[in-house]
Structure formats: structure tokens, C-alpha cells
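Engineer: The sequence and its predicted three-dimensional model are supplied below.
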Amino acid sequence: MRIAVVAGDGIGAEVVAEGLKVLDAVLPGVETTPYDLGAARYHRTGEVFPDSVRDELAQHDAILLGAVGDPSVPPGVLERGLLLKLRFDFDQYVNLRPSRLWPGTAGPLANVKPGEIDFVVVREGTEGLYAGAGGGLHRGTPAEIATEESLNTRHGVERVIRDAFARAAGRTRRKVTMVHKTNVLTHAGGLWARTFAEVAKEFPDIATEYQHVDAAAMFMVTNPQRYDVIVTDNLFGDILTDIAAAVTGGIGLAASGCINPTRAFPSMFEPVHGSAPDIAGQGKADPVAAILSVALCLEHLGHPDEARKIEEAVATELSGRTGEPIRTAEVGDRVSVLVA
Ligand code: NAD
Ligand code: IPM
Ligand code: MN
């Protein structure tokens, strides 16, 4: 098994180091190869993501990523040129973002007990506003116009919706909630709604519901227990999964997989959070999201027992927290001991 590691920027390197410790403890001998990409390389060489590196990454079974983006680099250069290019080039159309309220964790919601929140967002990963054309006119003048188009294909929408139903079929609550904004975005929303209704017919015993994204944002805060599988477009999924993280103990716990279910290209596993420049270099980032991303990676690569071990160790780690400030490396050490 060969895993490429893109630690990236800010706390990316700090949390990935802990993920790798845990990987080595739970499944010794996995070959991991670091790739130097991100702000430092950009400043040193002007390169964001050379094709030669892309071709090497493509040869791996999976990619572990920390985070990319740095205040010293103009917004979008690394995010689009590296992170989104990885997701697009490797056709990682299922951006899988599980949320659960872990034992020992108190989210901000009173009276919600661990176990009661357990859902997964299937966020479309290759289309939407992230992939559409855009442009500007009269830049810097009072007449400036800027456009961003949302790209939605029948193929792209259908495959991610079908994936969401298939996931729901393997879960206990067996419900898919489609989230969009069909009351305003009638073109893309129409395609999503029609496709959802058609794919649903293939899964007659899966319950379905539809919510507009504004209402979903509200229910995500007031009643996240209601969700099982949520399927939604790229941008809505981005926003909803930060809310989901917040109601289940914080962004430091939220893991994700950018999955290519066909396995034509490697899938990528990364925390939902970013490079957190505000706390980078202080050794206080929570590495749990990166550690749980390793678990998602192992699950994907056919090692479910090791993935469960990591999840159990994380549950123990979180149950033992007292509210003291986190020390990144100590969390990785404790979880490594628990999984070994
Ligand atoms: P962010 O997720 O980096 O940080 C938001 C807040 O959450 C910050 O206060 C940060 O300190 C805190 N936080 C994040 N991860 C944490 C952790 N593991 N432990 C404790 N606290 C944590 O989001 P942002 O500030 O909006 O973005 C910063 C940079 O990261 C930007 O350049 C952005 O583009 C990039 N970004 C990258 C990714 C990615 O690589 N997948 C994701 C989101 C943002
Ligand atoms: C995420 C991030 C990325 C996204 C950015 C950095 C491109 O916010 O992984 O959630 O919007 O997908
Ligand atoms: Mn995000």
C-alpha cells in the first residue's frame, strides 16, 4: 500500500504528522511518501502543482492531505491550483463528510447526547460554482461586474445522488435529504430535483426529503439529529459541513474523504478544516480530524478493522478531555498508544 502525503500549509503539517504516527501504529509498514506542495514551494519556485507531481501522485493508492492556503499567497492560487485541481483531476466526485457527536464531546446543543447526531454529507466534489466559468469587466471601477457560473451536468449530479442512496442503504436510518435552492436556482435546482426523484425510484425503501439550503442551515443547528445522509452541491456542502462540524464538537474533529468511487484515480483524505494561520506553529491544533481522515482512508483501502480501532481510540481520547488546551503531538501519541 502506497500513500502520498501532502502536508501543505499552516497546521496542515502539524496535524498530518499525528495522523501518520497513528497510521504507523495501527498498520505498520505502509509506505508513505511526502510531497512538498503549498506556500513554501510556491515562494521558492513559483510552482503550485507541477504535472510531474500530479503524475506521481496518480500512482498511489491514496493521498493524505493536511491543508493548503496561506496569507502570504493570493487567495485562490493554492486553493484552486492545488486542492481543487487534485479533486478535479482525480475525479473525486464524492466529497464524503461524516458528522457524529462523539462520546465525551459536548457540542453547543443542550440535551443532545453522543450518538444522537450521526449523519454524513455527500458533497458533490467536481462541479458547481467551483468548476464553472467566471469573469470580470471594468475591474476596479464603479461599473465593475463579476460573474461565477455554476456547472451542473446530468452525469455529475446523477452519480453523486446515486452514491448517496447507496450509502443510505447501508445505514440504519436509511434516509437521504437532498439540499439545494430550487426555489431560486431553477436551472441547476431543476436538474438536481428531477435527478433526485428519478434515482430515488431505484431505492424504494430509502426515505427521501428535500430542504432548501437556508432551512437546512437552520435545522443543522436546531435539530441535526434528523439527518442521515445529505446530498448536495459543492458550495452548499462546503458551508453545511462547517456548520455540521461546529455542532459536533468543532472543526478540529471533522474528517473528510474526496473519493473517486471508480478507483480510476486515488482518493484523498483530509480534515475539513484549513491551514488555520491564526494558530499555526503553536502546537495547539487538534489533530483528531487528520487522525479520523486516516481512518476514512483505511476504510476506503479495505482495512475496516484498523479504521474502527482508530475511531475507538479517538472516542477514548475525547472522553478523557478535561477542557485543558490541546497539545497536538500529545494527542497523536495517546491515540497511537491506544491503537497499537
Ligand atoms: P480554517 O479551518 O483554517 O480556520 C477556521 C478557524 O478554525 C480558525 O480559528 C482556526 O484556528 C480554527 N481551526 C481550524 N482547524 C483547527 C484545528 N485542527 N484545531 C483547532 N482549531 C482549528 O479556515 P479559514 O481560516 O477560513 O482558512 C484559512 C486558510 O485555509 C485559507 O487559506 C483557506 O483557503 C484554507 N482552507 C483550506 C482547506 C483545505 O486545505 N482543505 C480548508 C479550508 C480552508
Ligand atoms: C474545504 C475547503 C475548500 C473547499 C477550499 C479551501 C477550496 O473550504 O475543503 O472545505 O471549499 O472545498
Ligand atoms: Mn470548507
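Structural biologist: Looks like it arrived, so ask away. Bear in mind the structure is a predicted one, so any value in this text is a computation, not a measurement. Ligands and ions are numbered 1, 2, ... in the order given.
Engineer: What's the nearest residue in the stretch 51-200 of the chain when you look at ligand 1?
Structural biologist: Closest to ligand 1 within the stretch 51-200 of the chain is residue 69: 2.2 Å, counting by CB to the nearest ligand atom. Yep, even glycine has a C-beta here, placed from its N, CA and C like the rest.
Engineer: contacting residues for the nearest residue to that residue once chain neighbours are set aside?
Structural biologist: Nearest residue to residue 69, sequence neighbours excluded (CB to CB, 6 or more residues apart in numbering): residue 275, at 4.9 Å. Residue 275 makes contacts with 8, 9, 10, 11, 12, 66, 67, 68, 69, 70, as judged by CB atoms under 8 Å, 6 or more residues apart in numbering.
Engineer: and stretch 92-110, what's its mean pLDDT?
Structural biologist: For stretch 92-110, mean pLDDT is 91.
Engineer: What are the buried residues along that stretch?
Structural biologist: Within stretch 92-110, the residues scored as buried using 16 or more other CB atoms under 10 Å are 92-102, 104-105, 107, 109.
Engineer: quick check, nearest of the residues you listed to ligand 2?
Structural biologist: Nearest member of the buried residues of stretch 92-110 to ligand 2, counting by CB to the nearest ligand atom, is residue 95, at 7.4 Å.
Engineer: Surely the closest one is in contact with residue 123?
Structural biologist: Yes. Using CB atoms under 8 Å, residue 95 is in contact with residue 123, at 3.9 Å.
Engineer: helices and strands around the host helix or strand of residue 25, which ones?
Structural biologist: Element membership of residue 25, judged by DSSP states H and E, is helix 11-26. Here helix 11-26 touches strand 2-8, strand 62-67, helix 288-300, helix 304-319, helix 328-339, going by 3 or more CB pairs under 8 Å, 6 or more residues apart in numbering; DSSP states H and E.
Engineer: can we see that at 6 Å?
Structural biologist: For helix 11-26, the elements it packs on are strand 62-67, helix 288-300, helix 304-319, helix 328-339, judged by 3 or more CB pairs under 6 Å, 6 or more residues apart in numbering; DSSP states H and E.
Engineer: The chain against ligand 2: which residues are in contact?
Structural biologist: Within the chain, the residues that sit near ligand 2 (CB under 6 Å from any ligand atom) are 69, 79, 83, 84, 238, 272, 274.
Engineer: And the furthest pair within these?
Structural biologist: Distance extremes for these: the farthest pair is 84 and 272 at 15.0 Å, using CB to CB.
Engineer: Have a look at these two and say which one is more surrounded.
Structural biologist: More neighbours surround residue 272 than the other of residue 84 and residue 272, with 25 against 18 (other CB atoms under 10 Å).
Engineer: Quick check, pLDDT for that one.
Structural biologist: 98.
Engineer: Which parts of this structure are helices?
Structural biologist: 11-26, 39-45, 51-57, 77-78, 85-89, 154-169, 186-201, 213-222, 234-247, 288-300, 304-319, 328-339 (DSSP state H).
Engineer: Out of those, which one sits most buried?
Structural biologist: Most buried of the helices of the chain by mean neighbour count (mean count of other CB atoms under 10 Å) is helix 288-300; its value is a mean of 27.
Engineer: Tell me which other helices or strands it touches.
Structural biologist: helix 11-26, strand 255-259, strand 267-271, helix 304-319.
Engineer: how about the residue lying closest to residue 338 once chain neighbours are set aside, what does it touch?
Structural biologist: Closest residue to residue 338 apart from its sequence neighbours, by CB to CB, 6+ apart: residue 313 at 3.6 Å. The contact partners of residue 313, by CB atoms under 6 Å, 6 or more residues apart in numbering, come to 335, 338, 339.
Engineer: Between these, which sits nearest ligand 2?
Structural biologist: The nearest one, if we look at these relative to ligand 2 and count by CB to the nearest ligand atom, is residue 335, at 22.7 Å.
Engineer: and the closest one, what does it touch?
Structural biologist: Taking CB under 6 Å, 6+ apart as the test, what residue 335 contacts is 22, 291, 313, 317.
Engineer: And the second one, what's its pLDDT?
Structural biologist: Right, the one you point to is residue 291. 98.
Engineer: residues from the stretch 201-340 of the chain in reach of ligand 1?
Structural biologist: So the stretch 201-340 of the chain meets ligand 1 at 251-252, 270, 273-279, 285-286, 289 (CB under 6 Å from any ligand atom).
Engineer: let's see 8 Å
Structural biologist: 242, 250-252, 256, 270-279, 284-290, 326 (CB under 8 Å from any ligand atom).
Engineer: If any of those are buried, put those into a ChimeraX selection.
Structural biologist: In ChimeraX syntax, the buried subset of these is picked out as below (16+ other CB under 10 Å):
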select :250,251,252,256,270,271,272,273,274,275,276,277,279,285,286,287,288,289,290
